[in-house]
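>>> curious how this folds, go ahead:
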Amino acid sequence: NAYGAWISKTEDGLGDLPESHVKQGRLHMSHCRDAESRMRKGIELLQSSPDVLDAFRLANSALALQYSWRDDPDPPRLTWRPFQLGFALLSLESLANPSSTDRETMDLLWFPTGGGKTEAYLLLTAFTIFLRRIRAKGDPSGAGVTAFMRYTLRLLTIQQFERAASLITACELIRLGRGPTGSAVLPAHFADDAPISLGLWVGGAATPNTVKDAERALHSDDDSSPAQLKQCPVCKNELNWRADPNVARIEVRCANEACILSSTVAPLPIWTVDEDIY
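Numbers count the residues shown, from 1 in each chain. Next up is the predicted model:
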């Protein structure tokens, strides 16, 4: 409502612009009205669809859970900033409705570094993960690849991989019934669904392509190593990367036996070797 009021106020001021700018000003206001309309569609969908509302609540619970693992003895209260919530509502209907007219729209979220862009799209990622599985009702089609994230700098890729690992781990704990669900209804079939997992797929120069190469890299100082995550997303203790000879894959586990992940999510749902991802 505040956004709609701001648009109306700004539209009223178009007459104060030089004549040469009025046409462009009207175009901007038209885009703003489209954004407002899409946000309201998102709210209407939350009001009308129990599945969408449950997925949205579970996604918020996952963000809150991973936020609670921050290395901060007194973290600030977790709240959504207006631009984050606006972006989520803007995208909700086109994510939930395969026939949405906005599916062909690419949305660019611009905000200064450190302002919370990552949390905004991680919320939408978690929402899509949960909604697909809720709607699949236990069918394998609810799993599979849900989202791609791509970064141009290797350092940024690893930093964002670490942040995504916390969210995906939180989603997996919720799927297993070991995390908060808010007032969402957790479907019974979630317990039998495929794990919610994260893969790092960046090419052989950074991570090994094969389990055999990865096992060799774990015992050497090779630049290409599967051990791209150093700390447990929950307790921040050391992680153990190893090859499992029984299933021919590279697994990562938390070394802290007191951590919830040691008994609940073992191995962690994180894969960095191409063969394991496939």
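>>> ok, residue 204 to residue 217 distance?
Counting by CB to CB, to the nearest Å, the gap from residue 204 to residue 217 is 10 Å. The C-beta positions use only the backbone N, C-alpha and C, and glycine is treated the same way.
>>> among the two, which residue is more densely surrounded?
residue 217 (20 against 11; other CB atoms under 10 Å).
>>> how about that one, what does it touch?
Contacts for residue 217 (CB atoms under 8 Å, 6 or more residues apart in numbering) come out as 208, 224-226.
>>> in three-state terms, label it for me.
helix (DSSP: H, G, I helix; E, B strand; the rest coil).
>>> just give the closest residue to the most centrally placed residue in the chain, not the sequence neighbours.
By CA atoms, centre = their mean, the chain has its centre lying nearest to residue 122, at 2.7 Å. Using CB to CB, 6 or more residues apart in numbering and skipping the chain neighbours, the partner closest in space to residue 122 is residue 167 (4.9 Å).
>>> now for the one you found: which residues touch it?
62-63, 66, 122, 125-126.
>>> run the last query once more with 10 Å
By CB atoms under 10 Å, 6 or more residues apart in numbering, the contact list for residue 167 reads 59, 62-63, 65-67, 118-119, 122-123, 125-126, 129, 196, 198, 233.
>>> overlap in contacts of residue 204 and residue 217?
residue 224.
>>> re earlier: narrow the contacts of residue 167 to those in strands?
residue 198 (DSSP state E).
>>> from the contacts of residue 167, which is closest to residue 34?
residue 123 (21.4 Å; CB to CB).
>>> run a quick neighbour tally on the closest one.
Neighbours around residue 123, by other CB under 10 Å: 22.
>>> ok, residue 181 next?
Count around residue 181 with other CB under 10 Å applied: 14.
>>> swap in residue 239?
A total of 19 residues lie near residue 239 under the criterion other CB under 10 Å.
>>> how about residue 117?
16.
>>> next, the contact list for it, please.
Here residue 117 is in contact with 83-84, 87, 109-111 (CB under 10 Å, 6+ apart).
>>> could you check how far it is from residue 158?
Distance from residue 117 to residue 158, by CB to CB: 17 Å.
>>> also residue 203?
Note on residue 203: its distance to residue 158, by CB to CB, is 13 Å.
>>> what about the two, which has more around it?
Each of residue 203 and residue 158 has its neighbours counted (other CB under 10 Å); residue 158 has more, 16 against 10.
>>> name the element that one belongs to?
Following DSSP states H and E, the helix or strand that holds residue 158 is helix 154-175.
>>> please report how far the residue nearest to residue 202 when sequence neighbours are not counted lies from residue 171.
Leaving aside its sequence neighbours, residue 202 sits nearest to residue 157 (CB to CB, 6+ apart; 6.3 Å). Taking CB to CB as the measure, residue 157 and residue 171 are separated by 20 Å.
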